[in-house]
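Colleague: what shape does this take:
(one chain, ligands or ions: 1)
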Amino acid sequence: MIYRFFSHRIAWLALIVSLGIGALFVHTMWSMRKEHWDYQLRTNTNLSSTLAKGLEWSLDAVDLSLQKTAIALRETQVLENGEDTTPNQALLDALWRDINNSNLLVLDNQGRIVHRAQGVQSVGKQFLAHDFFQAFRTDSHHGVFIGRPTKELLMGEYVLPVARAVRGKYGLLTGVVVGTLRMQDINAWLSTMNLGQHSGVNVIRDDGLVLTRFPYQEMQSLQSLAGSQNLAHFLATPQGNFVGTAVIDGVQRLYTHNKVGHYPLLVNVAQSTQAMLHGWARNAWQLGAFALLLMLSCLGLAIMFTRELARRESMEADLFTEKERMRLTLQSISDAVICTDAQGRITYLNPVAKELTGWTMDDARHQPVEIMHVLRDATGGYVQASPLRLALESGQAIERARTTVTHRFNGERVEMEESASPVISADGVVLGAVAVLRDVTVTAAREARMQRLAFHDVLTGLPNRLLLQDRALQAIAQSKRTGDMLAVVYLDLDRFKQINDSLGHHAGDAALVHAAKALQACVRESDTVCRLGGDEFVVLLPALTSEAHLMGIAQKIQQACALPFTWDGKDYVLHASGGVALYPVHAVQWDALLHCADAAMYAAKKAGRHQIRLYQPQAEASLLVCAEVPEDVV
Ligand SMILES: Nc1nc2c(ncn2[C@@H]2O[C@H](COP(=O)(O)OP(=O)(O)OP(=O)(O)O)[C@@H](O)[C@H]2O)c(=O)[nH]1
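Modeller: Below you'll find the model as predicted:
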């Protein structure tokens, strides 16, 4: 839940950061655009103003000459009198000297050239139809007039006519003085500007006629903007700016215009908005792409992070479930479980382990595992290293080691079987170990009983034939080392069948148990008394030093067998016949030795019972001991 909530917050945070980046980008771009625009606007305004001022100065120079000429003509009344032009040519040349390669013409009231500065060529040519003449003649125009650019005024070159009327008495038109500015000069001057693609400079008359423009295009230069919205804007204020679309080419531009002094002219600098913002747009695209990349990266990272968190959340849930399942399993299993860290210090005990050892988790935590149990070998004596410790040291699983757990408080010892496994990380580091201990007390007791049953006689508890053989082989080996003699006494109770028959089978069993105890009581602890089966017993006597020693023991055996056996309040005396064989005198193999003893016992039976005879290889077994038997006793 926490992770899910957290992941949502991360997603929201990423979204907000992305939007922030986007907003910052838009704001920056907008500010950059504004700065860029303002800069361009300032530049264009300055440019427009400079051009207008330059043009004004040029026109002023021409106009001043025109004014002086008009005054001189009026005062001299040359045009009214139609006098010879020659004396006046000097006057004109004086007034019109070296002004921008221009020329000065004087027209009469019919539009014919009557004077021309710097020459008399084309005198008589008529300019009746020209706009500047018509303006003075028919429209009674006052002041300076800027005419339509024409080639006819100056030897095939385009010139800009600047004209003033010469009026006589009563204001009647007596002539027109015309000055010219070469369009080539104006265009050359404008061509020093470089404003970018689809941008340029226009010189426009206030009736909308485009006198010239740069980049220069002859056809468009003489087009008229009359009636257009742009012209209305230009004429609205002496100087200003606006964004408009040109009627000529449909391109959107920033127009910055300035009126040229008192002349009916204006200069405008028209810069394509696309060209103006080209650099900004390129930066905007680059920065925009970068900002978009950042935003997408931010969102992408958030998505990846959220997914990762969700995956971890799921893994943690699985892990928790697994851990819970493990905990419940450990809690409920009947075996004791002990966990340690890599140093063999206890980190976990399940309830069974706590109960078995008497340790609580708080007390046992970080204690070495050896406090829990002591490992012993099969005989219970030798202390071995803990399987847990071995598992930690070897990094290998240790299977089924027998151990003894001693209760911390009551000292009770429980036989356990322990298996331990190391806990190894993915990169092979031993992190700890887990041991499982199973209570095998009952099993161990059963095993011991089975062991006893396998090697002991059920009725008397004496070693059986198997254990006898084992001990006999050990005794033979020892005798071989020491050089001592080993005696095997083969005993068979005399007429035992009669006891069974007369007193019953239970009495027979009791008699057998009595005989077994009596035999065990009369020999050394190192000797072995064994019941071979039925009423047959074998006594193994290792480490005999002499025949006298053998005689003494044989007598003891004889006497033990003769001890009275009580049944139903009555005493009965048992007797036995026995045969003795000696190692290595009579045989060196166990089977042969037993066979020799059996043969001697058979000889004793044959000789009348109640006696023990020594085996003789080539002859009848010799009498060793013989018992006196009363007639009335069996
Ligand atoms: N009560 C009882 N009798 C047993 C047991 N095992 C064998 N017997 C009996 O022991 C008797 C052994 O008899 P034998 O040794 O053959 O003969 P005997 O009567 O002892 O006579 P001799 O050996 O010739 O002196 C048999 O009657 C068996 O039934 C037992 O575990 N309990």
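Colleague: grab the nearest non-local neighbour of K125.
Modeller: Spatially, and ignoring its direct neighbours in sequence, K125 is nearest to I113 (5.1 Å; C-beta to C-beta, 6 or more residues apart in numbering). From N, CA and C alone the C-beta is placed, and that goes for glycine too.
Colleague: what does D207 give?
Modeller: Sequence neighbours aside, A226 is the residue nearest to D207 in space, at 6.1 Å (criterion: C-beta to C-beta, 6+ apart).
Colleague: gap between the residue nearest to K125 and L79?
Modeller: Distance from I113 to L79, counting by C-beta to C-beta, to the nearest Å: 12 Å.
Colleague: need the residues touching each of these two.
Modeller: The overlap between the contact sets of I113 and L79 (C-beta atoms under 8 Å, 6 or more residues apart in numbering) consists of V106.
Colleague: and these two? Which one has more around it.
Modeller: Per other C-beta atoms under 10 Å, whichever of I113 and L79 has more neighbours is L79, with 24 against 19.
Colleague: pretty sure the more buried one contacts N109?
Modeller: Yes. Using C-beta atoms under 8 Å, L79 is in contact with N109, at 7.3 Å.
Colleague: in the stretch 51-200 of the chain, which residue sits nearest the ligand?
Modeller: Among the residues of the stretch 51-200 of the chain, Q197 lies closest to the ligand, at 131.0 Å counting by C-beta to the nearest ligand atom.
Colleague: ok but that residue is inside a strand, no?
Modeller: No. Per DSSP: H, G, I helix; E, B strand; the rest coil, Q197 lies outside any strand segment and is coil.
Colleague: pLDDT score assigned to it?
Modeller: According to the prediction, Q197 has pLDDT 77.
Colleague: which residue is the nearest non-sequential neighbour of it?
Modeller: Distance criterion C-beta to C-beta, 6+ apart; nearest residue to Q197, sequence neighbours excluded, is A275 at 5.0 Å.
Colleague: okay, and the common contacts of L79 and N109?
Modeller: Shared contacts of L79 and N109 (C-beta under 8 Å, 6+ apart): T174, G175.
Colleague: helix or strand: which one has the residue in the stretch 451-600 of the chain that the ligand sits nearest to?
Modeller: Distances between the stretch 451-600 of the chain and the ligand by C-beta to the nearest ligand atom are smallest at G508, namely 2.3 Å. Counting by DSSP states H and E, the element that carries G508 is helix 505-522.
Colleague: ok, and what's touching that helix?
Modeller: Contacts to helix 505-522, defined as C-beta under 8 Å, 6+ apart, come from residues 457, 459-462, 491, 493, 496, 499-500, 529, 531, 535, 537, 539, 556-557, 559-561, 563, 565, 567-568, 572, 574, 576.
Colleague: write the PyMOL selection for whichever of these are buried.
Modeller: Restricted to buried positions by 16 or more other C-beta atoms under 10 Å, the PyMOL selection for those reads:
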select buried, resi 457+460+462+491+493+496+499+529+531+535+537+539+556+557+560+561+563+565+567+572+574+576
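Colleague: of the contacts of helix 505-522, list those near the ligand.
Modeller: When C-beta under 6 Å from any ligand atom is applied, the members of these adjacent to the ligand are L459, L493, F496, N500, D535.
Colleague: what's the closest non-adjacent residue to the third one?
Modeller: In space, and not counting its chain neighbours, F496 is closest to D535: 4.1 Å by C-beta to C-beta, 6+ apart.
Colleague: Three-state assignment for the residue nearest to K125, please.
Modeller: Under three-state DSSP, I113 falls in the strand class.
Colleague: so it touches L104, yeah?
Modeller: No. Applying C-beta under 8 Å as the test, I113 and L104 come out as separate, 10.7 Å apart.
Colleague: low-confidence stretches in the stretch 301-450 of the chain?
Modeller: By pLDDT under 70, the low-scoring segments of the stretch 301-450 of the chain are 373-384.
Colleague: and the residue in it positioned nearest to the ligand, how many neighbours does it have?
Modeller: Nearest residue of the stretch 301-450 of the chain to the ligand: R449, at 20.2 Å (C-beta to the nearest ligand atom). Neighbours of R449 under the rule other C-beta under 10 Å: 10.
Colleague: heading C-terminal from the helix of greatest length in the chain, find the next helix or strand.
Modeller: Ordering each helix of the chain by length in residues (DSSP state H) puts helix 2-76 first. With elements assigned by DSSP H and E, the helix or strand that comes after helix 2-76 is helix 78-81.
Colleague: state the mean pLDDT of that next one.
Modeller: On average, helix 78-81 scores 72.
Colleague: K605 and S577, how far apart?
Modeller: On the measure of C-beta to C-beta, K605 and S577 end up 5 Å apart.
Colleague: ok, M276 next?
Modeller: 141 Å.
Colleague: before we move on, what about M450?
Modeller: Using C-beta to C-beta, we find M450 at a distance of 34 Å from S577.
Colleague: between those two, who's got more neighbours?
Modeller: Neighbour count, other C-beta under 10 Å: between M450 and S577, S577 has more, with 27 against 10.
Colleague: contact partners for that one?
Modeller: Residues near S577 by C-beta under 8 Å, 6+ apart: L491, D492, D494, M601, A604, K605, R609, H610, Q611, I612.
Colleague: in ChimeraX, select just the buried ones from these.
Modeller: With 16+ other C-beta under 10 Å as the criterion, this ChimeraX line picks the buried residues out of the contacts of S577:
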select :491,492,494,601,604,605,609,610,611,612
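Colleague: now, among the contacts of S577, which is nearest to the ligand?
Modeller: D494 (4.2 Å).
Colleague: and that closest one, how far from F565?
Modeller: 13 Å.
Colleague: intersection of neighbour lists for those two?
Modeller: Residues touching both D494 and F565 (C-beta under 8 Å, 6+ apart) are L574.
Colleague: how near is D341 to G428?
Modeller: For D341, the distance to G428 - C-beta to C-beta - is 17 Å.
Colleague: same check, this time on V488
Modeller: Distance, V488 to G428, by C-beta to C-beta: 62 Å.
Colleague: same question, A291
Modeller: Here the criterion is C-beta to C-beta. By it, A291 lies 48 Å from G428.
Colleague: looking at those two, which one has more neighbours?
Modeller: Taking neighbours as other C-beta under 10 Å, A291 and G428 compare with A291 leading, 20 against 7.
Colleague: that one contacts I21, doesn't it?
Modeller: Yes. Between A291 and I21 there is a contact under C-beta under 8 Å: 5.6 Å.
Colleague: nearest spatial neighbour of G461, skipping sequence neighbours?
Modeller: That would be A516: by C-beta to C-beta, 6+ apart, it lies 7.3 Å from G461.
Colleague: and Q558, by the same measure?
Modeller: Counting by C-beta to C-beta, 6+ apart, Q558 lies nearest to V625, which is 4.9 Å off, once chain neighbours are set aside.
Colleague: residues contacting E415?
Modeller: Neighbours of E415 in contact, by C-beta under 8 Å, 6+ apart: R402, T403, T404, D439, V440, T441, A444.
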